[in-house]
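Chemist: Predicted model, plus sequence, below.
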Amino acid sequence: MSQLDLLWEYQTADTEADMLALSIKQSPKRQKLLKLRDYIKDQQDGLRTIESEIMAMLDRMDALKDAISLAEDQLKLLQKRVQEEPPTDSQEIAEFISEADRLTATLADFDQEVRHVRKSASDRDRRQRDAKLRAIKSKEEFDELRVEYDLEYKEKSQLLEQLRKKAEEKKQGIDPAYLAKYTAIKEHCTPPMAKLVDGQCGGCNMSFPSSVLHKIRAGQQIECETCGRLILG
């Protein structure tokens, strides 16, 4: 048996192992697990963001309480001044009214902001609860599916190990130079070998001139100029 024939047998075993490895990687269960993992991570990131926003709102509420208390004290002091030292002319009356209006407007603005912060905090509390429920449900689904996938992976991995071992055995008798060429071609073209079919490359259907066909049929190492595969005559 020629080197190319031996290499073809090795490719058959190698390809079978590669296909199984690919099926493990593309397993529907694995793909769903990856999606669930990413979804759970997104929920966790969202929860951290909401928690940060809630903390910022609590800090703002504390600041608003202090500001409201200060404005109320200022308003009480103004009222006390008016009682103790009543204004004597229209200008002083206008100044007291203007200051009272300013403090009242400030308190109204603070009150409106407090209501807005409370509403936002309530909305975030609801979003936080919903996100936690979604994360818990997804984690339960992930754990159940992981058990199923682990069993599937174990079975297929054992079979893959057998196929890889079989492929390694097929390397016996193959010139290292041929194996090196096979490996180099495989990096950019899979499978690395193709059979000659009706004077054409079985991989890309490029036609060969008669001089090249003669070399292929003579068992020489010929690579397709189009796809780069080794051609087996």
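Modeler: All right, it came through fine. Residues are numbered from 1 along each chain as shown.
Chemist: From here on, just use CA atoms for contacts and neighbour counts.
Modeler: OK.
Chemist: remind me, longest strand of the chain?
Modeler: strand 193-197 (DSSP state E).
Chemist: What mean pLDDT does the following helix or strand past that strand get?
Modeler: The element immediately downstream of strand 193-197 (helix or strand, assigned by DSSP states H and E) is strand 200-201. In this model, strand 200-201 has an average pLDDT of 95.
Chemist: can you check stretch 96-108 too?
Modeler: Computed over stretch 96-108, the average pLDDT equals 93.
Chemist: Same question for stretch 170-178.
Modeler: The average pLDDT within stretch 170-178 is 95.
Chemist: Restrict that stretch to CA atoms and write it as CSV.
Modeler: Provided in CSV are the C-alpha atoms of stretch 170-178 (Å, rounded to 0.1, in the frame of the first residue of the first chain):
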residue,chain,number,x,y,z
LYS,A,170,-3.5,4.4,11.4
LYS,A,171,-0.3,6.6,11.4
GLN,A,172,1.8,3.4,11.6
GLY,A,173,3.9,3.1,8.5
ILE,A,174,3.3,6.6,7.2
ASP,A,175,6.4,8.7,6.4
PRO,A,176,6.7,11.6,8.9
ALA,A,177,7.1,14.0,5.9
TYR,A,178,3.7,12.9,4.6
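Chemist: Could you pull out the buried residues of that stretch?
Modeler: Within stretch 170-178, the residues scored as buried using 16 or more other Cα atoms under 10 Å are K170, K171, I174, Y178.
Chemist: ok, now stretch 125-141?
Modeler: Result for stretch 125-141 [16+ other Cα under 10 Å]: buried residues Q128, A131, K132, A135, S138, K139.
Chemist: in which helix or strand would I find the second one?
Modeler: This points to A131. helix 90-170.
Chemist: after that helix comes which helix or strand?
Modeler: Moving toward the C-terminus from helix 90-170, the next element (DSSP H and E) is helix 176-186.
Chemist: can you list the residues that contact that next one?
Modeler: Helix 176-186 is contacted by residues Q3, L7, P192, M193, G228, R229, L230 when judged by Cα atoms under 8 Å, 6 or more residues apart in numbering.
Chemist: Report pLDDT for the spatially most central residue of the chain.
Modeler: For the chain, the residue nearest the mean C-alpha position is D38 (5.5 Å; Cα atoms, centre = their mean). Note on D38: pLDDT of 96.
Chemist: Doesn't it lie inside a helix?
Modeler: Yes: the assignment for D38 (DSSP: H, G, I helix; E, B strand; the rest coil) places it in a helix.
Chemist: quick one: it from Q11, how far?
Modeler: Per Cα to Cα, to the nearest Å, D38 is found 37 Å from Q11.
Chemist: And the residue nearest to G228 when sequence neighbours are not counted, how close does it get to V82?
Modeler: Of all residues not flanking G228 in the chain, I185 sits nearest, at 6.9 Å (Cα to Cα, 6 or more residues apart in numbering). Applying Cα to Cα, the value for I185 to V82 is 96 Å.
Chemist: Name the residue in these two with the higher neighbour count.
Modeler: Remark: of I185 and V82, I185 carries more neighbours, 19 against 14, as counted by other Cα atoms under 10 Å.
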